[in-house]
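> just a sequence and a predicted model for now, questions to come.
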Amino acid sequence: MKENDRNIQPFENQLEALKMQNAFRELQAPITNEESIDLTHNDYLNLAHSEYILQKFLSEVSNLSMSASASRLLYGNHEQYSNFEDNLSKHYQKDALVYNSGFHLNIGVLPALTHKNDLILADKLVHASLIQGLQLSDAKVVRYRHLDYYQLESILVKERSNYRYVWIVTESVFSMDGDVANLKLLVELKKKHQSFLYVDEAHAVGVLGSKGLGLGEQEGLLDEIDVLVGTLGKALASVGAYAILNTTLKSILINYSKSMIYTTALPPLNVAWSNFIFNHMLELSNSRRQLKENSQYLKRQLVGRGLKVVGESHILAIVLGDNKRCLQVKEALAQEHVYVQAVRPPTVPAGTARIRISLNTGITKEQLDVLIERLSKYAL
């Protein structure tokens, strides 16, 4: 055996262990068959493949570079950033700061805003980019049980006086289960215990609220959220993310957020597209209503047939528990051109593998009925 082969063997063993646990992952090409029912992506408003919208955008732009060529603090802070951030500020009534991705944002904001004498209280099921941000922060981090606000308040009562600042961190619509945070209660706790509130609206922007600004808009609480995170790569069919916050916190991030400072800025063309598609999204109230009605219909039908369904939004999950069974159901559905995601640990807790259904406005009522029949056939 060559020396390099011996060096690589631990990695081979690691991959083999994943395969034995039915947890091995591979990259797959997107589904392009128009006759298929694709429930795997986050294009909730079905905007990413709209040729009409793309052509309308291209007819309105010219001479926009495909590269920013530097970070925003050097050369890359082109006027498209100002245009988009000003537009975001107009609708959210706060300042805005665009990042290259949701991951860049979530690993860069909390480490910049917190220090070792601060406390972060995060919902147990916040997603991976937020967890990475928690780990990069010097603050003490405590993860409270998912949506358990009684436990959250008990921690606040016990610990608040021991720290300079406390941040409560949550998603609004949780990405794996599609359940929804109680923002009104979180705002009450924030005020009562003089804390900050950080809400990741990645899976709510475009879908919730009369203008699609998220759960904060729907609940009338935009002004109470200290840092609101919106993603551009899901319902908004673009790339990047934005933080909605006050001017002071924005300045802190510009000076201390490493994932914003030390990366080449997004190309002007991409930022102009984000601004264009954001304006289009604001008008899609009928699409938001359709998505809600379809989700309620699907969940009602699946639960009525005896399936364990979680979720209160356009994201629903059928919890099967076993990794192998979850993969078998996914493959059986794919054979009939119905595509879903099999979500397994470590993305979700052990023993809770599930079929994740990500609804979008391109799914018809007839396709939902096909999905219901196929899931009843293979998942029961």
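Great, that's in hand. Numbers count the residues shown, from 1 in each chain.
> residue contacts, Leu45?
For Leu45, the set of contacting residues under the criterion of CB atoms under 8 Å, 6 or more residues apart in numbering consists of Gly206, Val207, Ala235, Ala237, Met281, Leu284, Ser287, Arg288, Leu291, Asn360, Thr361. The C-beta positions use only the backbone N, C-alpha and C, and glycine is treated the same way.
> repeat that for Arg72.
Under the criterion of CB under 8 Å, 6+ apart, the contact partners of Arg72 comprise Tyr81, Met260, Ile261, Ala265.
> over to Gln218?
In this structure, Gln218 makes contact with Leu208, Gly209, Ser210, judged by CB under 8 Å, 6+ apart.
> between the contacts of Leu45, which is nearest Asn323?
Distance ranking of the contacts of Leu45 against Asn323, using CB to CB, places Asn360 first at 26.3 Å.
> please identify the helix or strand for the closest one.
Asn360 belongs to no helix or strand when elements are defined using DSSP states H and E.
> which residues are in contact with the nearest residue to Leu302 once chain neighbours are set aside?
Distances taken as CB to CB, 6 or more residues apart in numbering place Val309 nearest to Leu302, at 4.9 Å, with adjacent residues excluded. Applying CB under 8 Å, 6+ apart, one finds that Val309 lies in contact with Lys299, Leu302, Val303, Leu316, Ala317, Ile318, Val319.
> what is Val309 paired to in the beta sheet?
Applying DSSP bridges to Val309 gives these bridge partners: Ile318.
> now stretch 330-339: mean pLDDT?
In this model, stretch 330-339 has an average pLDDT of 94.
> span of that stretch from start to end?
The first residue of stretch 330-339 is 7 Å away from its last residue (CA to CA, to the nearest Å).
> picking that back up, so how far is Val319 from the residue nearest to Leu302?
Here Val309 is placed at a distance of 8 Å from Val319 (CB to CB, to the nearest Å).
> what's across from Val229 in the sheet?
Per DSSP bridges, the residues bridged to Val229 are Asp200, Ala243.
> neighbours of it, how many?
With neighbours defined by other CB atoms under 10 Å, the count for Val229 comes to 26.
> list the contacts of it.
By CB under 8 Å, 6+ apart, Val229 lies in contact with 102, 105-106, 109, 198-202, 241-244.
> could you do Leu186 as well?
If a contact means CB under 8 Å, 6+ apart, then Leu186 has Tyr149, Ile168, Thr170, Leu197, Val199 as its contacts.
> strands of the stretch 151-300 of the chain, start to end?
Taking DSSP state E, counting those that start in this stretch as the test, the strands found in the stretch 151-300 of the chain are 166-171, 196-200, 227-231, 241-245.
> what packs against the first one?
Read it as strand 166-171. Under the contact definition 3 or more CB pairs under 8 Å, 6 or more residues apart in numbering; DSSP states H and E, strand 166-171 sits against helix 102-113, strand 119-123, helix 128-136, helix 149-159, helix 183-192, strand 196-200.
> tell me how far the first one lies from the chain's centre.
Right, helix 102-113. Relative to its chain's centre, helix 102-113 lies at 14 Å (CA atoms, centre = their mean, to the nearest Å).
> that one - what's its average pLDDT?
Summarised as a single mean, pLDDT over helix 102-113 is 98.
> hmm, who's touching it?
Residues outside helix 102-113 that contact it (CB under 8 Å, 6+ apart) are 99, 120, 129-130, 132-134, 136-139, 167, 169, 196, 198, 200, 202, 227, 229, 231, 233, 241-243, 249, 252-253, 256-260, 263.
> repeat for the second one
Around strand 119-123, the neighbours that count as contacts under CB under 8 Å, 6+ apart are 110, 114, 130-131, 134, 137, 139-144, 146-147, 152, 155-156, 159-160, 162-163, 165-171, 174, 181, 195.
> how about JSON lines for the contacts of Val229, with neighbour count added?
Converted to JSON lines, those look like this (neighbours: other CB atoms under 10 Å):
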{"residue": "Gly102", "neighbour count": "23"}
{"residue": "Leu105", "neighbour count": "30"}
{"residue": "Asn106", "neighbour count": "30"}
{"residue": "Val109", "neighbour count": "28"}
{"residue": "Tyr198", "neighbour count": "27"}
{"residue": "Val199", "neighbour count": "28"}
{"residue": "Asp200", "neighbour count": "30"}
{"residue": "Glu201", "neighbour count": "26"}
{"residue": "Ala202", "neighbour count": "27"}
{"residue": "Ala241", "neighbour count": "28"}
{"residue": "Tyr242", "neighbour count": "24"}
{"residue": "Ala243", "neighbour count": "25"}
{"residue": "Ile244", "neighbour count": "28"}
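> show me where the stretch 151-300 of the chain has helices.
Per DSSP state H, counting those that start in this stretch, the stretch 151-300 of the chain has helices spanning 183-192, 215-218, 247-256, 258-261, 268-281, 285-304. These are given in chain order.
> just name the most buried of the ones you listed.
helix 215-218 (a mean of 23; mean count of other CB atoms under 10 Å).
> that helix: how far from the chain's middle?
Between the mean C-alpha point of helix 215-218 and the mean C-alpha point of its chain there is a distance of 15 Å (CA atoms, centre = their mean).
> can you dump the C-alpha atoms of that helix in PDB for me?
Below are the C-alpha coordinates for helix 215-218, written out as PDB (Å, rounded to 0.1, in the frame of the first residue of the first chain):
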ATOM      1  CA  LEU A 215     -43.600  36.600   9.800                       C
ATOM      2  CA  GLY A 216     -42.600  39.800  11.400                       C
ATOM      3  CA  GLU A 217     -44.700  41.800   9.000                       C
ATOM      4  CA  GLN A 218     -47.600  39.300   9.300                       C
END
